[in-house]
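Enquirer: Got a sequence here, can you build the structure:
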Amino acid sequence: MITRSRFHNVRFCGSSTFLLIAWLTGLVACSGPSDNAAELEAASEEEQAAADNVETAHAGREQNGRSAAPSEDPGSAESYDPARLRYEVAEARELELPDIARDPKLLLTVRAPESDDGAPYPMVIFSHGGGGSGDAFENLSRRLAARGYVVVHPWHADSIELARRRGASWFDESRGIEQVMNRVDLIDRITDVQLIVRETEAIADLLGRPGLIDAARLGMAGHSAGAMTTQFAAGVRLFPPRSRFTHGLVQPVPEISAFAIISGQGTTRPALNEDSWQHCHRPMLVITGSADQVPFSDETTESRRHPFEFAPADGTKYLAFIDGATHDAYQGGGFDRLWGDTPPENVDWIERITTSLTVAMMDAYVANDEAARAWLNQGQVRDIPGGELEWETK
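Expert: Model (predicted):
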């Protein structure tokens, strides 16, 4: 697969990738519980209304969606191959998206099919971990682009590399990772996602390719803090309701059809309980592993399963529990690890499982590929050799 710099008005450069865990400690601390019972009740009612709107929007897309490059035998799991490539890939590593409400502009890394033959293409947003960058999960990004997706990676404000590039470096390795966790602002991250969803035409224009993106077919994936960002977009709720997170600031993003949560969070976090996922009615894939624990977090291998276990059983929820997978292993080897953990011997297989499942999830529920959906529902991923995998659906 050849990478071509077809895009216009963009700059290209590499950067280090830091995959960190990020968490709700700072998020919860920044807004205390309301003392006003009426406000809490109103907030809950508004959240319920938002959840109802999300369900209505999703149902409409299910009815009206069209399939992009379906499998040769629609509906046949055996005919589906998530590794099959369809396009050469164009890449823009430094695209600046204007935001009239915030300054500076939102930095994006974008990959897409090099050809316009299949345009408009569905779009997938990928949210990096705390302190990370738009370079995260590059192999997954390239695979999605080669299969016919525009893949948009926002550089969130907690990115260490972004701060360095803008001459405002704040990261001190001697001080540990708490400084990163304190900078993760999920409200700001969700605002990044909302901006991207709202400005698909502007993104295509900045790339010099008007009409590139199909705004009616959107998916989202994220790792670590990006997984929490993805969960909020999917409809996860905080308990008790907090006014800062209700009135339009951290609401579900109804335009997004499907979600992949890689190393997510569960009820060990403040303000999350078993009811937090009750309004997550859209398709959701949860990927975690038996060695997915990191310092300075009380998240456990059991709690990382909670997004699947406590979400509604509606036939569109999936769990991949990968034996031996560490927090950093899902995107494979060959990248910077702030945690210093040693990659598992089968890290390439772990990446292959993660990539194959995420691609299949987007094919099934964003591109409406019936064969991809059958592949997921029949657990065909278990046929990929290289390790032990627990696969559940509900």
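Enquirer: quick one: Gln331 from Ser263, how far?
Expert: In this structure, Gln331 and Ser263 are 10 Å apart, going by Cβ to Cβ, to the nearest Å. Using the backbone N, CA and C atoms, a C-beta is placed for each residue, glycine as well.
Enquirer: Overlap in contacts, the two.
Expert: Contact criterion Cβ atoms under 8 Å, 6 or more residues apart in numbering; residues shared by Gln331 and Ser263: His223.
Enquirer: more crowded one of these two?
Expert: Set side by side, Gln331 and Ser263 show more neighbours around Ser263, with 29 against 23, by other Cβ atoms under 10 Å.
Enquirer: What sits closest to Thr268 if chain neighbours are left out?
Expert: Leaving aside its sequence neighbours, Thr268 sits nearest to Ser303 (Cβ to Cβ, 6 or more residues apart in numbering; 4.5 Å).
Enquirer: what does Pro113 give?
Expert: Nearest to Pro113 is Tyr87, by Cβ to Cβ, 6+ apart, at 3.6 Å.
Enquirer: That neighbour is in contact with Gly118, isn't it?
Expert: Yes. Between Tyr87 and Gly118 a contact is recorded at 7.4 Å, counting by Cβ atoms under 8 Å.
Enquirer: got any residues that touch both of these two?
Expert: What both Tyr87 and Gly118 touch, as defined by Cβ under 8 Å, 6+ apart, is the set Gly148.
Enquirer: Those two: who's more crowded?
Expert: The residue with more neighbours, out of Tyr87 and Gly118, is Tyr87; 19 against 14, by other Cβ under 10 Å.
Enquirer: Assign the more buried one to one of the three secondary structure states.
Expert: Counting by DSSP: H, G, I helix; E, B strand; the rest coil, the backbone at Tyr87 sits in coil.
Enquirer: who's in contact with it?
Expert: Here Tyr87 is in contact with Pro113, Glu114, Ser115, Gly118, Ala145, Ala146, Arg147, Gly148 (Cβ under 8 Å, 6+ apart).
Enquirer: Could you give me the ChimeraX syntax to select whichever of those are buried?
Expert: Selecting only the buried entries of the contacts of Tyr87 in ChimeraX, with 16 or more other Cβ atoms under 10 Å as the criterion:
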select :113,114,145,146,147,148
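Enquirer: And Ala271, how far from Glu91?
Expert: For Ala271, the distance to Glu91 - Cβ to Cβ - is 38 Å.
Enquirer: what does His153 give?
Expert: His153 is 11 Å from Glu91, by Cβ to Cβ.
Enquirer: which residues are common contacts for the two?
Expert: Between them, His153 and Glu91 share the contacting residues Thr109, Val110, judged by Cβ under 8 Å, 6+ apart.
Enquirer: More neighbours: which of those two?
Expert: A side-by-side neighbour count of His153 and Glu91, using other Cβ under 10 Å, places His153 first with 27 against 21.
Enquirer: does the more buried one sit in a helix, a strand or a coil?
Expert: Assignment for His153 (three-state DSSP): strand.
Enquirer: In terms of pLDDT, where does it sit?
Expert: On the pLDDT scale, His153 is placed at 99.
Enquirer: thinking it is in contact with His128, fair?
Expert: Yes. Assessed by Cβ under 8 Å, His153 is found in contact with His128 at 6.8 Å.
Enquirer: intersection of neighbour lists for the two?
Expert: Contacts common to His153 and His128, judged by Cβ under 8 Å, 6+ apart, are Gly134, Ala136.
Enquirer: rewinding a little: just give the number of residues close to the residue nearest to Thr268.
Expert: Neighbours of Ser303 (other Cβ under 10 Å): 21.
Enquirer: Contact partners for it?
Expert: Gln265, Gly266, Thr267, Thr268.
Enquirer: which stretches of the stretch 1-150 of the chain form strands?
Expert: Along the stretch 1-150 of the chain, the stretches classed as strands by DSSP state E, counting those that start in this stretch are 3-4, 89-97, 106-113, 121-127, 150-154.
Enquirer: Figure out how far the very next helix or strand once past the last one is from the centre of its chain.
Expert: Same thing as strand 150-154. Following strand 150-154 in sequence order, the next helix or strand is helix 160-165 (DSSP states H and E). Helix 160-165 has its C-alpha centroid displaced from the chain centroid by 21 Å (Cα atoms, centre = their mean, to the nearest Å).
Enquirer: Now do the buried residues in helix 160-165.
Expert: Here helix 160-165 shows Ile160, Glu161, Leu162, Ala163, Arg165 as buried, counting by 16+ other Cβ under 10 Å.
Enquirer: Could you dump the residues you listed into a markdown table and include distance to Leu212?
Expert: As requested, the buried residues of helix 160-165 are exported to a markdown table (distance: Cβ to Cβ, whole Å):
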| residue | distance to Leu212 |
| --- | --- |
| Ile160 | 30 |
| Glu161 | 26 |
| Leu162 | 25 |
| Ala163 | 30 |
| Arg165 | 26 |
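Enquirer: Out of those residues, which is nearest to Ile100?
Expert: Leu162 (20.0 Å; Cβ to Cβ).
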